[in-house]
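>>> Sequence plus the predicted model coming up.
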Amino acid sequence: MVELISLWMPIVLSAVIVFVASSIIHMVLPFHRGDLRSVPKEDEVMEALRRFNIQPGDYAVPCAGSMEGMKKPEFIEKMKAGPVLFMTVVPSGPPSIGASLVLWFLYSIVVSVFAGYISGRALPVGANYLAVFRFAGCTAFIGYSLALLQNPIWYKRNWGTTAKSMIDGLVYGLLTAGTFGWLWPR
């Protein structure tokens, strides 16, 4: 068993490596450029929605409000007539990525802490590289990827976009695995 505190270096370094890799994947490579599409007549849609002053949050249109509401004929008719939306409204203004980058880095630290915890409970000091790689990589992949499957299942997010994000998670998991294997206490 390896104490979590002795894994601080691979935890922090793997988060830094994942942060850099994700920046390259999202800002340099064209892999995610087609993930979001523009709605037809975007300016008209924005103008129409603006008058409702919708506050930031997650919304469903139509919204049944409850399981009982989903059985009501009015709700069923609205679903048939469409459009049906799951939408997230964010605050208006210029994009501010700083807070998101900080949160992403903290999230990467959390994933690496779990990878370290599980690997440290399963493996001894001096474990071989491949054993560490397997435990840390699998745990990191789970942390970065598996929950994403809820989005296309429940919110009808595009399966292709989700698959691409899961591939990102696989890359992050492999980078985390390599870092832990490299820096595992001897």
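Great, that's in hand. Computed from a prediction, not measured in an experiment: that's the story for all the values here. Numbering: from 1, shown residues only.
>>> For Leu4, grab the count of nearby residues.
14 (other C-beta atoms under 10 Å). To be clear about C-beta, it is placed using only N, CA and C from the backbone, and glycine gets the same treatment.
>>> before we move on, what about Leu103?
10.
>>> Before we move on, what's the pLDDT of it?
Reported pLDDT at Leu103 in the predicted model: 97.
>>> can you give me the strands for the protein?
All strands of the chain, identified by DSSP state E, fall at 57-61, 85-89.
>>> What's the separation between the nearest residue to Thr88 once chain neighbours are set aside and Ala136?
Excluding its sequence neighbours, the residue lying closest to Thr88 (C-beta to C-beta, 6 or more residues apart in numbering) is Asp58, at 5.3 Å. With distances taken as C-beta to C-beta, to the nearest Å, Asp58 is found 33 Å from Ala136.
>>> Look at those two and report which has more neighbours.
Ala136 (31 against 9).
>>> quick one: contacts for that one?
By C-beta atoms under 8 Å, 6 or more residues apart in numbering, the residues touching Ala136 are 10, 115-116, 118-119, 176-177, 179-181.
>>> switch the cut-off to 10 Å
In this structure, Ala136 makes contact with 7, 10, 14, 112, 114-116, 118-120, 122-123, 173-174, 176-181, 184, judged by C-beta atoms under 10 Å, 6 or more residues apart in numbering.
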